[in-house]
Each structure stands twice: as C-alpha cells, then as structure tokens.
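*Asks:* model this:
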Amino acid sequence: MKLQTELDLRTGGLSHIDIESGRSGDGHTARQYAGRPAGSLRITDLGYFGVAVFAALSAAGAHFLSRLHYKTSVRTADGRPLCLPDWLPRRPGGLMDEPILLGPERLACRLIAWRLPREQADRRRQKLRRQMRSKEGRAPTADRLAWCDWTVLVTSVPAAALAASEAIVLYRARWQVELLFKRWKSQDLVAALSGSTDVRQMARVWARLLAALVQHWLVVTAAWGDAARSWGKTAEAVRGFVGRLLAALDRPAALEDVIAAFVQTAATTCRRNTRRKPGTVELLNDPGRLEFRLT
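*Replies:* Predicted coordinates for the structure are as follows:
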C-alpha cells in the first residue's frame, strides 16, 4: 500500500493521509485534484507533475511549486517555443527567474533555474544512467544528460509575493515529508510485515501507523518551528515515554502531565547538532541565509 501524505510546513500537521494501492503512480492519486484553499501553496516533486493539475489549482486561486518535467513544452511569455537545454546556458546571471507559458495549456507561470556545481550535476547523470538502464534498457540522450546541469522550478506565485531565493527554500523544505517517511520506516517499522497470518501482519501495520501518528503529534508539540530542536531526535525520544503514555491514556490529567514531561525532556536533550549551514526552520524564517553555489 501507499500512503499519500500531506504535511503542512507552517504547523507540522498532517493535513491528509490517503491509503492507496502501492502499484498506483503518484500522478494518478485522487489527491491531485483535491480542493485547496485560495492563496495556499502546494509543493510537490516530479511524481505529481501535471500541467492540467496546476491549471486547476490556479483557477481555484491556489498556487503550485514544482520541479519542471524534462519533456514539458515551454514558451516565452509572448508565445515563442523554447528549447531549455539550449536556452538556459545562454542566459546571463547565475539565477534565472522568467515568466513563461507552460505545456500545451500555455499556463502562465514563472520559471526559476540555476546551474549546479559540476560534482552535483555528475552525480545526477550517474543516477540517471543507472535508472534508465534498469527501467528502459537504454542510455539517456545528450539533451537529457545536459538537463542534469540545472535545477528548474515552476511556480504560479507572483514574484512580488515570492522571491526566487524564497522559492528555493520552500522547495528544499519539501524534503521534510521524505524524512517523515524515513522515520516511519526506520523507527516505527510501518513497512515491516511480521506475524504468522495476513490478519496479524496487517494488524501490526495499522498499529504501527497509529503509533507513528501519535509520535508525530508529540514531535509537533515539542519541537516544530523551533530551530534549536532536532525533529529526528525528538521522534526517537518518544520511545522512552511509551509506557507512561499508555498508562495515562484514559486519564486526561495524567496524560497532560506526561506530555508536559516529554516536552521538557525534548527541550533539554533533543537539541540540533551544531552545523555550519542553517537548517530548515532557520531558512524558512530567514530565506536570506540560504547558501548554495552557482556556476
């Protein structure tokens, strides 16, 4: 099975979880056309890329931020076709922010692009070659390899409301949902099947998923939005409180005390390791601290 999960970067809340077939593609999930509040921003990876989906969001007053799919047609704001592998290297400056028309729908939006350092681009090319040999049995084209030199985003948010550097910070923060899945698998074992029957295996899967949700709620309570806290360490610290939480489940006052004790423990023992570069919370609060190399 697949968990289509939506994470609210502002609050840390899990705004939606859908259970779907593990063999279904992300682009075909029913959540693609789910209603979004006007003014909200949907940040997704390439698996959810769809110009028709973006057009529906824009028509409803919501916004999108996504990587650009390599095969998607792009035109200038006045309608001239663009070949991005040829056009991008000729543009002046390290960070580009241009109005474009996207796809056959000619959806008006912005293109934000920057060239990657050589070593990072080479790693992308190595990964692309492995994937194409494994899935398609062939080598990528020269244009497809050249595309690895660039990170290209598209967004419907006007430049007056979202600077290019802020868009980069927001797309970078999308990785938090991937880290959430990693914790669910490594700490909570939600993907591990154990038990002598199908019923026992699924009962344990559901129990672990429910425990993972409680764990996430406690992380949000104790650490979300605090640049000094490590969300991973806070999630791990929940283990030490499982017995006390279970014992207090039917006693609200006692449960409140256990949660308060957990918050206090997280405040003193779950500090983020000292790093030279700012973390996600620091960047979301101050995008000006973004450090990345342009070539």
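
*Asks:* tell me where the model's unsure across the protein.
*Replies:* For the chain, residues meeting the criterion pLDDT under 70 lie at 292-295.

*Asks:* and the residue minimising distance to the centre of it, how far from Leu153?
*Replies:* Residue closest to the average C-alpha location in the chain (CA atoms, centre = their mean): Arg174, at 2.5 Å. Noted for Arg174: a distance of 11 Å to Leu153, by CB to CB, to the nearest Å. In this view, the C-beta of every residue, glycine as well, is placed from N, C-alpha and C.

*Asks:* show me what contacts the nearest residue to the residue nearest to the centre of the chain once chain neighbours are set aside?
*Replies:* Once flanking residues are discounted, Arg174 sits nearest to Ile43: 4.8 Å by CB to CB, 6 or more residues apart in numbering. Residues in contact with Ile43 (CB atoms under 8 Å, 6 or more residues apart in numbering) are 9, 64-66, 170-171, 173-174.

*Asks:* residue contacts, Lys127?
*Replies:* No contacts exist for Lys127 under CB under 8 Å, 6+ apart.

*Asks:* again, 10 Å this time
*Replies:* By CB atoms under 10 Å, 6 or more residues apart in numbering, the contact set of Lys127 is Cys148.

*Asks:* that one in helix, strand or coil?
*Replies:* Under the three-state scheme (DSSP: H, G, I helix; E, B strand; the rest coil), Lys127 adopts helix.

*Asks:* again, but for the one 4 residues further on
*Replies:* Following three-state DSSP, the label given to Gln131 is helix.

*Asks:* tell me how far it lies from Arg138.
*Replies:* 11 Å.

*Asks:* among these two, which residue is more densely surrounded?
*Replies:* Remark: of Gln131 and Arg138, Gln131 carries more neighbours, 11 against 8, as counted by other CB atoms under 10 Å.

*Asks:* touching, that one and Pro140? I think so.
*Replies:* Yes - using CB atoms under 10 Å, Gln131 is in contact with Pro140, at 8.8 Å.

*Asks:* surely the residue nearest to the centre of the chain and Leu9 touch.
*Replies:* Yes - the criterion here is CB under 10 Å, and Arg174 meets it with Leu9 at 8.4 Å.

*Asks:* which neighbours do the two share?
*Replies:* Contacts common to Arg174 and Leu9, judged by CB under 10 Å, 6+ apart, are 43, 280.

*Asks:* just checking, next helix/strand downstream of the helix ranked longest in the chain?
*Replies:* Longest among the helix segments of the chain by residue count, using DSSP state H, is helix 198-223. Next helix or strand after helix 198-223 toward the C-terminus (DSSP states H and E): helix 231-237.

*Asks:* disregarding residues adjacent in the polypeptide, which is nearest to Leu7?
*Replies:* Nearest residue to Leu7, sequence neighbours excluded (CB to CB, 6+ apart): Val177, at 4.6 Å.

*Asks:* count of neighbours near the one you found?
*Replies:* Counted with other CB under 10 Å, the neighbours of Val177 add up to 17.

*Asks:* next: His216.
*Replies:* Using other CB under 10 Å, His216 has 22 other residues around it.

*Asks:* what sits against it?
*Replies:* His216 neighbours (CB under 10 Å, 6+ apart): 7, 12-14, 180, 183-184, 188, 224, 231, 235, 238.

*Asks:* closest one of the residues you listed to Asn285?
*Replies:* Asn285 lies nearest to Trp224 out of those, by CB to CB, at 12.7 Å.

*Asks:* quick one: the closest residue to that closest one other than its chain neighbours and Ala248, what's the gap?
*Replies:* Counting by CB to CB, 6+ apart, Trp224 lies nearest to Gly12, which is 3.5 Å off, once chain neighbours are set aside. Per CB to CB, Gly12 is found 23 Å from Ala248.
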